[in-house]
Each structure stands twice: as structure tokens, then as C-alpha cells.
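Chemist: Next input, structure requested:
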Amino acid sequence: MKKILLILILFNLISPILVSATTINIENPINATSFEALVNNLINFIFYIALALTPLMIIFGAFFLLTAGEDPKRVETGKNIILYTLIGFTIILLAKGLVALIKGIMG
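Modeler: Okay, the predicted model is just below:
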């Protein structure tokens with residue numbers, strides 16, 4: 001059984017080499033042709049991730065606050081989660097605005 005499994009694994013590793021007679025084209029996944037476009041795409045990606053995660057983290061912090069009971073440590077943890085989520089989202093918004101401001105100044 002082990003020999004058959006080994007033969008199948010080796011065949012799967014070698015078969016693409018034997019079959020591939022054509023060249024492989026790898027397209028640019030970033031779709032950026034300049035440094036400016038790369039930075040803009042990166043900031044947009046981070047912005048959309050933050051846009052999705054911010055409400056989830058606020059709900060998570062609120063869950064800590066609601067389930068804390070009389071535990072002051074859980075209350076503080078919930079407050080910190082919400083505070084740091086809002087600070088992080090503000091920084092991301094400022095970064096996006098800073099890029100737009102620099103673009104406007106530079107023309």
C-alpha cells in the first residue's frame with residue numbers, strides 16, 4: 001500500500017513537467033504600473049479590510065461589556081477593544097485622506 005501511494009505521489013509531482021510544453025504567463029496580480037498606483041492599491045485594500053473589520057470589532061468589544069457583569073477587568077477589556085478599534089480606523093482614514101491630499105498638492 002505504501003509503495004502504491006509513493007508511486008502516485010511521484011507521478012503527480014513529475015506529470016506536470018512531462019505534460020507542460022507551453023510557456024506559462026503569469027499576470028501582474030497587483031495591476032499597478034507605478035509606485036503611486038501600488039501605494040494607492042495597498043491603501044485601498046487595507047481600507048476595505050478595515051471597513052469590514054471595524055463593526056465586527058466594535059460588536060466584539062460590546063459583547064465583552066455586556067457579559068462583564070461585575071468583573072472590572074472584562075469591562076476594561078471591552079472598552080479597550082472599542083477604543084483601539086476606533087483609533088485604528090481613524091488612522092486608516094487619515095492615511096487615505098493624506099494620500100488624496102498629497103495627490104492634490106502634487107497635481
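Chemist: what about Leu93, neighbour count?
Modeler: 13 (other Cβ atoms under 10 Å). Just so you know, the C-beta spots here come from the backbone N, C-alpha and C atoms, and that holds for glycine as well.
Chemist: Specify the local secondary structure of the closest residue to it other than its chain neighbours.
Modeler: Leaving aside its chain neighbours, Leu93 sits nearest to Phe47 (7.9 Å; criterion: Cβ to Cβ, 6 or more residues apart in numbering). Following DSSP: H, G, I helix; E, B strand; the rest coil, Phe47 is assigned to helix.
Chemist: residues touching Phe89, list them.
Modeler: Contact partners of Phe89, counting by Cβ atoms under 8 Å, 6 or more residues apart in numbering, are 50, 54.
Chemist: can you pull the buried residues of the strand or helix carrying it?
Modeler: Under the criterion of DSSP states H and E, Phe89 resides in helix 72-106. Within helix 72-106, the residues that count as buried by 16 or more other Cβ atoms under 10 Å are 74, 78, 81-82, 85, 89, 92, 96, 99.
Chemist: again with stretch 40-58
Modeler: For stretch 40-58, a neighbour-count test (16+ other Cβ under 10 Å) marks 40, 43, 50, 57 as buried.
Chemist: what residues are up against the residue nearest to Leu93?
Modeler: By Cβ under 8 Å, 6+ apart, Phe47 lies in contact with 92-93, 96.
Chemist: Which one of those residues is nearest to Phe64?
Modeler: Relative to Phe64, the closest of those is Ile92; by Cβ to Cβ it sits at 22.5 Å.
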